[in-house]
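Asker: Please work out how this folds:
(one chain, ligands or ions: 1)
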Amino acid sequence: MPQTDNTLRVILPGKLIDGVHDNVMEGTAVAIQGNVIKWIGPASQAESLDSAGAERETLEFPNATLLAGLFDIHTHTNMPGDGRTGEQVNEDDNDEIRLLRAARNVAAALASGVTTMCDCGSWNRTGFALKEGLAQGIVEGPRVLVSGPPLTVTGGHLWYMGGEADGIEAVRTRVRNMIKQGADFIKIAASGGSTSTSDPYRAAYSVPELTTIVNEAHNRGRSVLAHCRCTDAINSALDAGVDAILHCSFYDNDGTYRFDQKTADRLAASEVWLNPTMGLGRANRNRLIKIKEERSLTSDEETRLDRSTISGGNSLAQFSTLVKAGVKLVGGSDCGWSYYPFGDFQGEVLSLHEAGLSPLEAIYAGTRSPAAALGIKDSIGTIEPGKEADLLVVNGDPSQNLEQLRDVAAVFKGGVRVPTVKERAGKERAGLG
Ligand SMILES: [Zn+2]
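Answerer: Residues are numbered from 1 along each chain as shown. Predicted structure coming up:
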């Protein structure tokens, strides 16, 4: 892995989206040194910057845009993103294989421009081990914040990851244990999900249990992210004061989709971050449609495609309305899950634009908003002096065409330039990888 040196690097992009000013800047340079952003200012003044005796280097990207590295608030690093369910991965693989897969997944994410991510649920110790491997430089990847196994009721969503806890005392102990093991935030399965022994349309925890979890986590400075696939769970999570609601879909207890105005009003009036995970649905549909072009789908695949088409339409309509009502959206791909492999968080950012965010707002939802939701906006998420030099350069101007976010020209993590997806592929072709 390349080491940080003390060279003063002046980056001269065609355009700059710093995440602070609500416009795209031109003629602005950014200087980085060591692991931090040292200076931002007019390109004409960059020449006279004092490098404090260190080497100087100028990097020009005249036809590209510089922005903060992407931050994906919702991933599952143990998961393959090849359509296998969590239960299949639980049966087929072991923790060693899941950890190796996590190492490969995070490397793919970094090369695609994601410099920070949350692992919102991994088996047993694997998430913590991944973090230790990254810290020791054994594995190359973004900054990874981990929850460990999500807190879930007995038989609840993701129970197989190892986080079952019921009742006030047990959930309190569980939160303390997760923090002891190294959890950066707490993830709760507040409703059921795809796990067969759970019910996605029912709240899993009681409000007193959720409140205990939130109080305990907040007391230790950890944010709480709650998976909610029904309206009841959303309201319980709001009652308890969680920081972010994942999925946030309006389903009644019988599985009927129904836009709930009262809940929408509560969400709009709250400070909670919502992660729609609409990119996941789209990735699934695209994958299944592609399979369908090659062979006929199995009945299970047909059912998945039909369900996804309907729920995707409901989600888009729901979040379009919620955006107009003023909710705060945050980007999280849920990649690893279903047919969403690592390496295209941009798909989720694009889906937020589809729901009504402007391209710049969608970029903020994938950079500074996750940092705010996790309580680390003082160190990452925008391009400001003193912050970590986590940077992304993309060709063209994503504020004009958000698709350009996928055309990655350079990635920096903590001041170190790391290979992009294209650079990695080129190296492999040349036999250097
Ligand atoms: Zn998830």
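Asker: can you give me the end-to-end distance of stretch 346-364?
Answerer: Separation of the first and last residues of stretch 346-364 by C-alpha to C-alpha, to the nearest Å is 12 Å.
Asker: any idea how far that stretch is from the chain center?
Answerer: Centre-to-centre, stretch 346-364 and its host chain are 13 Å apart (C-alpha atoms, centre = their mean, to the nearest Å).
Asker: need the contact list for Glu384.
Answerer: By C-beta atoms under 8 Å, 6 or more residues apart in numbering, the contact set of Glu384 is 18, 20, 37, 40. Any C-beta I mention is one placed from the backbone N, CA and C, and that applies to glycine too.
Asker: can you pull the buried residues of stretch 129-149?
Answerer: Neighbour counts over stretch 129-149 (16 or more other C-beta atoms under 10 Å) mark 129-131, 133-134, 139-149 as buried.
Asker: related to what we said a few turns ago, who wins on neighbours among the contacts of Glu384?
Answerer: Ile37 (25 neighbours; other C-beta atoms under 10 Å).
Asker: which SS class is that residue?
Answerer: Taken by DSSP: H, G, I helix; E, B strand; the rest coil, the conformation at Ile37 corresponds to strand.
Asker: thinking again about what came up before, closest one to Phe345 out of the buried residues of stretch 129-149, please.
Answerer: Among the buried residues of stretch 129-149, Pro142 lies closest to Phe345 (C-beta to C-beta), at 10.2 Å.
Asker: Out of the contacts of Glu384, give me the two with the largest separation.
Answerer: Spatially, the most separated pair among the contacts of Glu384 is Val20 and Ile37, at 11.6 Å (C-beta to C-beta).
Asker: intersection of neighbour lists for those two?
Answerer: Here Val20 and Ile37 have 383-384 as joint contacts, going by C-beta under 8 Å, 6+ apart.
Asker: the helices in the stretch 201-350 of the chain, which residues?
Answerer: 207-219, 231-240, 261-269, 278-294, 299-325, 346-354 (DSSP state H, counting those that start in this stretch).
Asker: Let me know whether Gln404 touches Leu392 as I believe.
Answerer: No: contact criterion C-beta atoms under 8 Å: Gln404 and Leu392 do not qualify, at 11.1 Å.
Asker: Which of those two has more residues huddled nearby?
Answerer: Ranked by neighbour count (other C-beta under 10 Å), Gln404 and Leu392 place Leu392 first, with 27 against 19.
Asker: The closest residue to that one other than its chain neighbours: neighbour count?
Answerer: Nearest non-adjacent residue to Leu392, counting by C-beta to C-beta, 6 or more residues apart in numbering: Gly113, 4.5 Å away. Gly113 has 30 neighbouring residues, counting by other C-beta under 10 Å.
Asker: contacting residues around Gly113?
Answerer: 69-70, 345-346, 392, 394, 405, 408, 411, 420.
Asker: measure it to Thr28 for me?
Answerer: Shown here: Gly113 relative to Thr28, a distance of 20 Å by C-beta to C-beta, to the nearest Å.
Asker: and what of Asn215?
Answerer: Taking C-beta to C-beta, one finds Asn215 at 44 Å from Thr28.
Asker: neighbour count winner among those two?
Answerer: Using other C-beta under 10 Å, the more surrounded residue of Asn215 and Thr28 is Thr28, with 20 against 15.
Asker: what helix or strand is the residue lying closest to the more buried one once chain neighbours are set aside on?
Answerer: Nearest non-adjacent residue to Thr28, counting by C-beta to C-beta, 6+ apart: Leu16, 4.7 Å away. Secondary structure assignment for Leu16, by DSSP states H and E: strand 8-17.
Asker: how many other residues sit next to Tyr400?
Answerer: Slight slip there: residue 400 is Gln, not Tyr. Neighbours of Gln400 using other C-beta under 10 Å come to 12.
Asker: how about it, what does it touch?
Answerer: By C-beta under 8 Å, 6+ apart, Gln400 lies in contact with Pro359.
Asker: Also Ala190?
Answerer: Residues near Ala190 by C-beta under 8 Å, 6+ apart: 203-205, 210, 226-228, 233, 236-237, 242.
Asker: Take the residues you listed and lay them out in TSV including pLDDT, distance to Ser299 and neighbour count.
Answerer: Putting the contacts of Ala190 into TSV (pLDDT from 0 to 100; distance: C-beta to C-beta, whole Å; neighbours: other C-beta atoms under 10 Å) gives the following:
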residue	pLDDT	distance to Ser299	neighbour count
Ala203	97	31	22
Ala204	98	29	31
Tyr205	98	34	27
Leu210	98	38	26
Ala226	98	33	31
His227	98	28	30
Cys228	98	29	29
Ala233	98	30	29
Ser236	98	35	25
Ala237	98	35	30
Val242	98	37	28
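Asker: now the residues you listed as TSV including distance to Asp334?
Answerer: Converted to TSV, the contacts of Ala190 look like this (distance: C-beta to C-beta, whole Å):
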residue	distance to Asp334
Ala203	20
Ala204	18
Tyr205	20
Leu210	21
Ala226	14
His227	10
Cys228	13
Ala233	16
Ser236	21
Ala237	17
Val242	17
